[in-house]
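Trainee: need the 3D shape of this:
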Amino acid sequence: MSYPLTKNGVQLLRNGYCNAQSPVDVQIISLEELRSAGQARYRVFLSDGEEIISGILEQKLNDQVKSGEISKRVVIRINSSQSKQIKDNQVIIVIYEIERLTEPLEGNIGNPQKSATRQAAPGGASNQANNNKAPAGNDSIYTPIKRLHPYIGNAKWTIKASVMNKPDQMKNWSKDGREGVLFSVDLHDNDGGEIRATLFNDVAKKFWEVLQKDKTYLISKAKIKGANKQFSQLNSDYELTFDDNTTCDPCAEDEQIQIHYNFIESLAQIETMGKDQSVDVLAIVKETGDVTSQTSKKTNREMRKRNITILDGNSVTISLTLWDDKADYPGWAVGDHPVLAIKGCRISEYNGKTLSLPKNARMEIDPPLDAAYILRNWYESQGGEIKTKDLSSVSNQKWGGEKSSFNYTKANIADITAPGYYEIKAYIVSISDKSPFYPSCKECKRKVEVDSNGDWFCNSCDAKRDCVYNYTLRFMVSDQTSHKFVSIFGDLGKLILGRDADEMAGLRESNVEEFNAILKSRVFDQWRLSVKVDFDNNPSQTTNELRFRANRMERISAGDNGEGFRKETAFLLNELSMLAL
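Mentor: Numbers count the residues shown, from 1 in each chain. Alright, predicted model coming up:
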């Protein structure tokens, strides 16, 4: 059975000529669910019998999909839609109102072809919104990067890959009296495979101008060896080394391979991830800070940095640091709010979680991804009134109902025998007065020292700085099973002692009795703590001792006029209600 579709319907949708007075009849030839930041949306591929175009259903239509009213191969009438340009000449159709005209047909009407303005082909596509692929010809004759291994043999493989990252200049190297130059590039293919290729000396000079970022190449006869994971976060266990026999032939200019992302579902997942892990994130810029500078401890080189705050669709924010050229020219104005797709963010820990953009990371601004459009649409619908949870600020991290995002394991102290993230309830039984704070730089918070002139000097900033004191408190906690020393830094010290570190440092100098009295007054207070547990790498330790560091704390004892007990009761009632579901 056939059904008359609107002639040039795809063109009408693309150009915005669709409304209740001039509806467009098209066939759904593919329908798939998208999930971005916990929000379910549906993508459809629409046909007018000749052309195909992609569209996103407004969320209010989700129930019609779940009921089966909107399904694959039905003919629908679109009464309200909007054409959105997402990059260059690429458009996506947002569908607001539709009517179902037929039952599902046995096949597609006509012989529709993919619209030139859309990258993704319909049918069989992944439900991850970021796996759109550019047309790349017959790639089946090439070896996927994921299938490369050292025993494959040079004559038996050719990969078709694009350059994802390339350094700004070659590096000089020297070893055992030898010296030369080298550089590395990160490659990726249409199957989501990634691999690093390193080139030395004459080979590096030969291919330096040939290999260009975002260009595609046919590569064969390179050496394959195990990857050094210390220097690479790519998803391959191997890496390539180009030599004199390696061939690297450029493909046609239009054969660009789209980057494959593995976005985390929410920034909240970062809370339970370890330091230096690498993640892919999709988020929108909430705030853009100013450019500052600091001196690298390792190289003594002055670096520029800019902190920005990014936000996801779950209203979670985190600080992201850009360095050097990216800090100077991030790609948007300070007041703008672009969507960022970032591959290879690195996680850091200091008074919460932060992200940084290393040199080998990749950042796309307003990428042509359906998930990016969904995030943008959500942000604009909020009108700037968004109550957020900030992972980069200890004081803003909440308990109770919001805590479920962080996946801490509840445990007694005696039961904690392995690294991980735990939630414990315990009493403070003693607070150490040994080095409870340190003099820090007011700008970068790193330790400062007194120079020969009696001034505070920051080696990180390589300048004289004003000094502020910062907490590095260590205390013992105990529950009904055991006891353990716990370390905290920064604002948590003020939370425990009720005074900032500058004030406590002054008391220690002027009135040590009052200083000690404050420490003792906090003994036997009961707290709920979220702790990160890992092995103590102190070389003086003869055994692998576990080290406890608190990331969040909340007082639950009676010393606060019962407020802590009221919060604890509310928390337990919430836990019981969850069990009843």
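Trainee: in the stretch 151-300 of the chain, which spans are strands?
Mentor: 158-165, 171-175, 178-188, 194-200, 216-220, 223-226, 238-241, 247-250, 278-295 (DSSP state E, counting those that start in this stretch).
Trainee: mean pLDDT added to the ones you listed, as TSV?
Mentor: What follows is these, written out as TSV (pLDDT from 0 to 100):
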stretch	mean pLDDT
strand 158-165	93
strand 171-175	90
strand 178-188	94
strand 194-200	95
strand 216-220	94
strand 223-226	91
strand 238-241	94
strand 247-250	93
strand 278-295	88
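Trainee: could you dump those strands into TSV and include mean neighbour count and distance to residue 482?
Mentor: Every residue, glycine included, has its C-beta placed from N, CA and C. Formatted as TSV, the strands of the stretch 151-300 of the chain follow (neighbours: other Cβ atoms under 10 Å; distance: least, Cβ to Cβ, whole Å):
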stretch	mean neighbour count	distance to residue 482
strand 158-165	22	48
strand 171-175	9	50
strand 178-188	19	47
strand 194-200	22	45
strand 216-220	20	57
strand 223-226	14	42
strand 238-241	21	45
strand 247-250	14	60
strand 278-295	18	34
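Trainee: could those strands go into a markdown table alongside distance to residue 73?
Mentor: Formatted as a markdown table, these follow (distance: least, Cβ to Cβ, whole Å):
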| stretch | distance to residue 73 |
| --- | --- |
| strand 158-165 | 34 |
| strand 171-175 | 56 |
| strand 178-188 | 34 |
| strand 194-200 | 36 |
| strand 216-220 | 35 |
| strand 223-226 | 45 |
| strand 238-241 | 43 |
| strand 247-250 | 41 |
| strand 278-295 | 31 |
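Trainee: among those strands, which is nearest residue 95?
Mentor: When the strands of the stretch 151-300 of the chain are compared by Cβ to Cβ, strand 278-295 sits nearest residue 95, at 22.4 Å.
Trainee: how about residue 509, secondary structure?
Mentor: With DSSP: H, G, I helix; E, B strand; the rest coil as the basis, residue 509 sits in helix.
Trainee: burial measure for it, as a count.
Mentor: Using other Cβ atoms under 10 Å, residue 509 has 8 other residues around it.
Trainee: cool, the one 4 residues further on as well?
Mentor: Close neighbours of residue 513, defined as other Cβ under 10 Å, add up to 8.
Trainee: going forward can the numbers begin at 342, since that is how I track them
Mentor: I'll keep to 342 as the first residue from here, and by that count the last item is residue 854.
Trainee: what's the helix or strand for it?
Mentor: helix 853-862 (DSSP states H and E).
Trainee: now do the helices in the protein.
Mentor: For the chain, the helices defined by DSSP state H cover 350-355, 403-407, 542-548, 665-669, 711-723, 832-838, 842-851, 853-862, 904-921.
Trainee: how about these, which one is nearest residue 704?
Mentor: Here helix 665-669 is closest among these (Cβ to Cβ), at 7.5 Å.
Trainee: got the CA positions of that closest one in PDB?
Mentor: Below are the C-alpha coordinates for helix 665-669, written out as PDB (Å, rounded to 0.1, in the frame of the first residue of the first chain):
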ATOM      1  CA  ASP A 665      47.900  28.900  27.300                       C
ATOM      2  CA  ASP A 666      46.500  29.500  23.800                       C
ATOM      3  CA  LYS A 667      43.200  28.000  24.700                       C
ATOM      4  CA  ALA A 668      43.100  30.300  27.800                       C
ATOM      5  CA  ASP A 669      43.900  33.300  25.600                       C
END
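Trainee: contacting residues for residue 419?
Mentor: Contacts here follow Cβ atoms under 8 Å, 6 or more residues apart in numbering; on that basis residue 419 touches 354, 359, 364, 365, 366, 367, 436, 438, 439.
Trainee: recalculate using a threshold of 10 Å.
Mentor: With contacts defined as Cβ atoms under 10 Å, 6 or more residues apart in numbering, the neighbours of residue 419 are 347, 350, 353-354, 359-361, 364-367, 387, 396, 434, 436-440.
Trainee: narrow those residues to just the buried residues.
Mentor: Buried members of the contacts of residue 419, scored by 16 or more other Cβ atoms under 10 Å, are 347, 350, 353-354, 359, 364-367, 387, 396, 434, 436, 438-439.
Trainee: just checking, what packs against the helix holding residue 854?
Mentor: With contacts defined as 3 or more Cβ pairs under 10 Å, 6 or more residues apart in numbering; DSSP states H and E, the packing partners of helix 853-862 are strand 761-772, helix 832-838, helix 842-851.
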